[in-house]
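> here's my sequence, what's the structure:
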Amino acid sequence: MVMDALAEFKEMQEEAFYSMEGLSRLNPEKLDFYIDYIKFQVSHGFYDPDANLNILKLYQFSPELYSRSCVGNVHMVLVKALMQLPNSDYVLCRAQLSQDMIDDPLTKKIDEVARLLETCQFPEFWNVIQEEKIFTTTVGFVEAVRNFVCFVLKLTYKNVEKDFLMQLLGPMTDQAIFEDLAEKNNWVVTGDTVFVGEKEEMVEQKEIVEKMPIDVVTPILAIR
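Have a look, this model is predicted:
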C-alpha cells in the first residue's frame with residue numbers, strides 16, 4: 001500500500017515528536033532521520049519547526065556531526081524558516097549557526113534574500129531568487145512569499161495601482177494566480193486600481209448635517 005504524502009508527514013512528525021522528548025532530543029543517532037524529514041518537507045510543502053531547529057541544535061552541540069558537505073541541510077532549514085514570515089522562525093534558526101555556516105556563500109545569499117523581504121524590497125527580491133535553485137525548487141516558497149507580500153500590503157496600503165501590485169507579487173505564469181490572490185484577500189479591482197485594505201475602510205462615511213430650528217438659532221445670533 002502506497003502511503004500518501006500527508007499520512008507520511010504525520011508519521012514522521014510523530015516520530016520526531018517522541019524522539020525530541022527529554023535528553024533524547026540531542027541524540028546524534030537521530031540526525032539522519034531529521035535530515036530525511038527536512039528533505040521530505042522541502043519536496044512536499046510541509047513544515048515542522050521544532051524538528052528543523054533540532055538539526056541546527058545537533059550541529060551546535062555535536063560539532064563533529066557537521067562538515068562542509070552538510071551545509072545543504074542548514075540551507076533547507078533556513079529557507080523553510082524564511083517561508084514563515086512575518087513570524088520570527090528565520091531569526092531563531094539563524095541564531096543557531098556557527099561562523100563556518102554563516103560564512104558559506106549560499107547562507108549569505110539566503111541572508112540577503114531575508115533582508116530584502118524584511119525591508120519589503122519585493123521587486124529586487126524576485127530578481128535575486130532566480131539566481132539560486134533552492135528558492136525556486138522548494139515547494140511552496142513562492143506562494144509563502146506572496147502571502148507575506150499580501151500581509152504587508154494590507155498593513156500599508158488601501159489602494160494600489162495594479163501594475164505596481166504585480167511588481168510586488170512577482171512574475172506570474174497565469175492570470176488565474178492573481179485572481180486567486182485577489183479572491184483570497186478580498187481585494188477589489190476597479191480598472192487599474194486595486195483596493196487591498198480592510199473591507200471596513202471601503203464604507204463611505206456619511207456626511208452628518210444637523211439642522212437647528214430657527215427659533216433656537218435666532219437668540220444665539222441676537223447675542224452678537
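> which stretches of the protein have low pLDDT?
Within the chain, the segments meeting pLDDT under 70 span 1-2, 199-224.
> can you map out the helices along it?
5-19, 31-44, 49-61, 71-82, 89-94, 99-103, 105-118, 122-128, 133-137, 141-156, 162-169, 175-184, 214-223 (DSSP state H).
> which of the ones you listed sits most buried?
Neighbour counts (mean count of other CB atoms under 10 Å) averaged over each of the helices of the chain peak at helix 71-82, with a mean of 22. Using the backbone N, CA and C atoms, a C-beta is placed for each residue, glycine as well.
> number of nearby residues for the nearest residue to Pro63 once chain neighbours are set aside?
Nearest non-adjacent residue to Pro63, counting by CB to CB, 6 or more residues apart in numbering: Ser98, 7.3 Å away. By other CB atoms under 10 Å, 13 other residues sit near Ser98.
> ok, Ser98 to Ile110 distance?
Ser98 sits 15 Å away from Ile110, going by CB to CB, to the nearest Å.
> Val189 now?
According to CB to CB, Val189 and Ile110 sit 34 Å apart.
> go on, Val91?
According to CB to CB, Val91 and Ile110 sit 13 Å apart.
> who touches both of these two?
Residues touching both Val91 and Ile110 (CB atoms under 8 Å, 6 or more residues apart in numbering): none.
> hang on, the earlier thing: ok, the residue nearest to Pro63 - contacts?
Per CB under 8 Å, 6+ apart, neighbours of Ser98: Tyr59, Gln60, Pro63, Tyr66.
> residues in contact with the first one?
For Tyr59, the contacting residues are Leu65, Tyr66, Cys70, Val74, Gln96, Ser98, Met101, taking CB under 8 Å, 6+ apart as the criterion.
> try it again with 7 Å
Each residue near Tyr59 by CB atoms under 7 Å, 6 or more residues apart in numbering is listed here: Leu65, Tyr66.
> I'd say Val149 and Phe122 touch.
Yes: the pair Val149 and Phe122 qualifies as a contact (CB atoms under 7 Å) at a distance of 5.7 Å.
> and for those two, which residues touch both?
Shared contacts of Val149 and Phe122 (CB under 7 Å, 6+ apart): Leu168.
> from the contacts of Ser98, pick the one nearest Leu181.
Tyr59 (37.3 Å; CB to CB).
> and the closest one, how far from Trp126?
In this view, Tyr59 and Trp126 are 31 Å apart by CB to CB.
> one more: Gln84?
Distance of Gln84 to Trp126, computed by CB to CB: 19 Å.
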